[in-house]
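Visitor: Have a look at this fold, sequence not included:
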């Protein structure tokens, strides 16, 4: 199960502007953007427990919201890019969250991996992929996926 | 046939082919010596033995280039060195023989006395992690920081880290050069490196507070990432000795296939075929657990020796600790990340966050209790038997069985040719800009001068609550500090003890392109001046040398190194500042798909530390109040060589101003005494961008302008206004003296070049004139806006 965390739109201006600026520096014109954090939690947990992790552990209730349905942010027509560390690469954030999940639920999930998602409106598929490869991903340690939502 | 099984009869060409295939980076002489040894032993080597030898003899572990023989040719004369490092860097320290140096060149870091009463030592170390950062900047920087912290944890019986430092070199972010297919762009590298340093330092809870960033297209394909760490250690915990019978205990992270061949990787040029196995991602939380265990166990005397697993992994760490006693290692006991790993890979893996302890059998139980309480994993890998033999097995099967004498003393070293590089130097009068204020604004916005706020603010420099001299200083906390001042109360646990220390750097590769000897002098001088400007007692300066260079197979690269090393010797002796530790990194040279070579310029980072007797009296750079008297200490010399101005606009003059070491040392002692007497309210060195930039930074950091007349400045005959304002001749600093104490200050500097140049103004205008001619007038808010151009 994946838990996705977004900054609420009224607080997300600076991170979105930073991303758009970074893409512009890479030669990619992005009309609008959104960013999120991803936690892939592998383990025998109920939906209610995943909800609890999103609500109590991973999202700041003041400035963030969470979803158990990836990409459910109403950003239709945008490219959605997921970037993860390869499974063989040390994931410090994932490891720490795994311990935190154990503290909250009383049992440790098999594995937690941490990633990021980027939503971008405007560019063509080829331009988007080139910018992702050039700025967001190092294929030595990362893997990524891209889809239109 | 497997060439490993037929090693002793392979030809030189076959040995070279095998070396390439295995990634050992051994040269022909070394391969022949290994072959000779195994022929003498009457058997073929095992893979684990060859891997052990490759790691132990690597440039990273043995520093063969710097500590080897060199024949230096210049002007028809030849000077021979048996050991360049010992005859320059170490010689300075031995000659100075300072009693406050507690441990030098023998351990993972240098240690000097700290505070009063002989209770504490300050351990300091800096090193590089260049090659990994070129391939994976984030992971490379993270593991670089983690590695240098482990050096501090592994010095003596373990020091508590209280400061991280970082200095980076990248290609120009605005450069237009087309990169080869395998290269990451400089912005990408910079973002990754900064994020790696940030995440590791912030997560482990050590302030990152002293450093710099330098841009030059010489680093386009080979970024340099210098990371440093300082820590406090009780003086009675500096000695360590492995006792025969002690257990070999590994604590911290698990062992995996990550980082195989990191040590030998540092002995090779980066090219299209460079593999990803040489890089990894760090785990700061695991290292924090090991840190907490070590500090508790150290104070309870639960181990006799400790060292870190760095390059070469177990093979280097256990090999070093057991160099006198030998070691018996059972690799099947290692805690693994992944069971799909060969025994020899366990032996040489460079998985992060591991420390090796030498533990008396009777103390293991108490140590284990602390490890369990801190949730820190450990395993007992074997013991140090005392027979001088390294025997490594996996499930009873031998992996390596080598005499320590051969492993540590068998590496052949050959004389390297070195020659002086010919550089055309022009001393003609530099061309003046049409518009002085415009040139100043361009200099302030130059990437090697402008604000580093967007980087600095990513680091937690306040954690531990002891960062007194901050990286951003001044009335609004946004001016450039010269040096970090640390009050290590988190280690001493004594809030009444106001002793601290300052850390500063000197780095002048642009000067090195013209004159490597002067580069070393300028770098040491800049580092010492930065400490002085923070109010440190520079009579007790200790230095670290960190050399980075291209391939030492090029005689001119070796020639640059020889000159710079001689400069280090001269500077250390003149300033009474011994080198206490250092590092070198060679082969910072890349080849693209077309076979073109991209070497870096010789780069020497001098890191310096000196005590601050009372951190409450440390100094910052910003003007403090209207009416403050401004003095320029030091003599301004001709020459625009190596200046930022010359990068912006070729002045036609590339002569480097020579440093008068004796005069500089006398000047600094006088300024130090004036500071000690309380005359000085602010101080800032004249370095990149020159005097005009120094005055601007002091002014806009304080939110106060100044009326400056340079007529009385001590200067070389014929000095032009360009050289005066924008030249970077060394050994100069601007100080603001308390109004009414000008005469007292003059008395301290009697007979020395120090000129009254004006006063801090009550308004925001910075006016500078020379000999009755107004050179420029500009509002400091305009100057600040130019300087605050963000890097990323």
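Guide: Looks like it arrived, so ask away. None of these values were measured; they are calculated from a predicted model.
Visitor: Quick check: next helix or strand after the helix or strand where residue B:698 lies?
Guide: Assigned by DSSP states H and E, residue B:698 falls within helix B:691-702. Note on helix B:691-702: by DSSP H and E, the next helix or strand toward the C-terminus is strand B:706-709.
Visitor: Residues touching that following strand, excluding its own?
Guide: Strand B:706-709 is contacted by residues B:623, B:630, B:695, B:698-699, B:757-761, B:766-770 when judged by Cβ atoms under 8 Å, 6 or more residues apart in numbering or on different chains. No exception for glycine: its C-beta is placed from N, CA and C like everyone else's.
Visitor: Can you report phi and psi for the nearest residue to residue A:39 once chain neighbours are set aside?
Guide: Residue nearest to residue A:39 in three dimensions, not counting chain neighbours: residue A:3, with 4.6 Å by Cβ to Cβ, 6 or more residues apart in numbering or on different chains. Backbone geometry at residue A:3, expressed as degrees, to the nearest 10, gives phi -110, psi 130.
Visitor: same check, this time on the one 5 residues further on
Guide: When quoted as degrees, to the nearest 10, the phi and psi of residue A:8 stand at phi -60, psi 140.
Visitor: Can you verify residue B:218 is assigned to a helix?
Guide: Yes - secondary structure of residue B:218 (DSSP: H, G, I helix; E, B strand; the rest coil): part of a helix.
Visitor: show me the contacts for the residue lying closest to it once chain neighbours are set aside.
Guide: Nearest residue to residue B:218 in three dimensions, chain neighbours excluded: residue B:601, at 4.6 Å (Cβ to Cβ, 6+ apart). Shown in contact with residue B:601 (Cβ under 8 Å, 6+ apart): B:216, B:218, B:509-510, B:512-513.
Visitor: In JSON lines: these, plus neighbour count and pLDDT.
Guide: Below are those laid out as JSON lines (neighbours: other Cβ atoms under 10 Å in any protein chain shown; pLDDT from 0 to 100):
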{"residue": "B:216", "neighbour count": "21", "pLDDT": "94"}
{"residue": "B:218", "neighbour count": "23", "pLDDT": "92"}
{"residue": "B:509", "neighbour count": "23", "pLDDT": "97"}
{"residue": "B:510", "neighbour count": "24", "pLDDT": "97"}
{"residue": "B:512", "neighbour count": "27", "pLDDT": "97"}
{"residue": "B:513", "neighbour count": "20", "pLDDT": "96"}
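Visitor: What about residue 47, how many residues nearby?
Guide: By default, I'm working from chain A. Neighbours of residue A:47 under the rule other Cβ atoms under 10 Å in any protein chain shown: 9.
Visitor: switch to chain B, that's the one I care about
Guide: Using other Cβ under 10 Å, residue B:47 has 20 other residues around it.
Visitor: I figured it hits residue B:344, correct?
Guide: Yes - Residue B:47 lies in contact with residue B:344 (Cβ atoms under 8 Å); the separation is 4.8 Å.
Visitor: got a pLDDT number for residue A:122?
Guide: As predicted, residue A:122 sits at a pLDDT of 85.
Visitor: Next up, phi/psi of the nearest residue to it once chain neighbours are set aside, please.
Guide: Distances taken as Cβ to Cβ, 6+ apart put residue A:31 closest to residue A:122, at 3.9 Å, once the chain neighbours are dropped. Dihedral pair for residue A:31: phi -80, psi -40, per degrees, to the nearest 10.
Visitor: Can you report how many residues neighbour residue A:31?
Guide: Neighbour count of residue A:31, defined by other Cβ under 10 Å: 10.
Visitor: likewise residue B:338?
Guide: Neighbours of residue B:338 (other Cβ under 10 Å): 12.
Visitor: So it is in contact with residue B:257, correct?
Guide: Yes - in this structure residue B:338 lies within contact range of residue B:257 using Cβ under 8 Å: 6.4 Å.
Visitor: Check the burial of residue B:594 by counting its neighbours.
Guide: 7.
Visitor: and what of residue A:57?
Guide: Around residue A:57 there are 16 other residues, counting by other Cβ under 10 Å.
Visitor: Okay, it and residue B:777: tell me how far apart.
Guide: Residue A:57 sits 58 Å away from residue B:777, going by Cβ to Cβ, to the nearest Å.
Visitor: Ok, residue B:591 next?
Guide: 51 Å.
Visitor: again, but for residue B:665
Guide: In terms of Cβ to Cβ, residue B:665 sits 36 Å off from residue B:777.
Visitor: Name the residue in the two with the higher neighbour count.
Guide: More crowded of residue B:665 and residue B:777, by other Cβ under 10 Å: residue B:665, with 21 against 14.
Visitor: Wait, that one touches residue B:574, no?
Guide: Yes - assessed by Cβ under 8 Å, residue B:665 is found in contact with residue B:574 at 5.3 Å.
Visitor: coming back round to it: could you export the contacts of residue B:601 to TSV, including columns for distance to residue B:750?
Guide: Shown next, in TSV, are those (distance: Cβ to Cβ, whole Å):
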residue	distance to residue B:750
B:216	41
B:218	44
B:509	37
B:510	35
B:512	35
B:513	38
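Visitor: buried ones in stretch A:29-40?
Guide: For stretch A:29-40, a neighbour-count test (16 or more other Cβ atoms under 10 Å in any protein chain shown) marks A:30, A:33-40 as buried.
Visitor: How far away from the center of its chain is it?
Guide: 7 Å (Cα atoms, centre = their mean, to the nearest Å).
Visitor: hmm, who's touching the one helix or strand residue B:723 maps to?
Guide: Element membership of residue B:723 [criterion: DSSP H and E] is helix B:721-726. Identification of contacts with helix B:721-726 by Cβ under 8 Å, 6+ apart yields B:430-433, B:436, B:439-440, B:443, B:636-640, B:643-645, B:651, B:653, B:689-693, B:710, B:713, B:715, B:729, B:768, B:770, B:773, B:775.
Visitor: In helices only, show me those residues.
Guide: Judged by DSSP state H, the contacts of helix B:721-726 include B:436, B:439-440, B:443, B:644-645, B:691-693 as members of helices.
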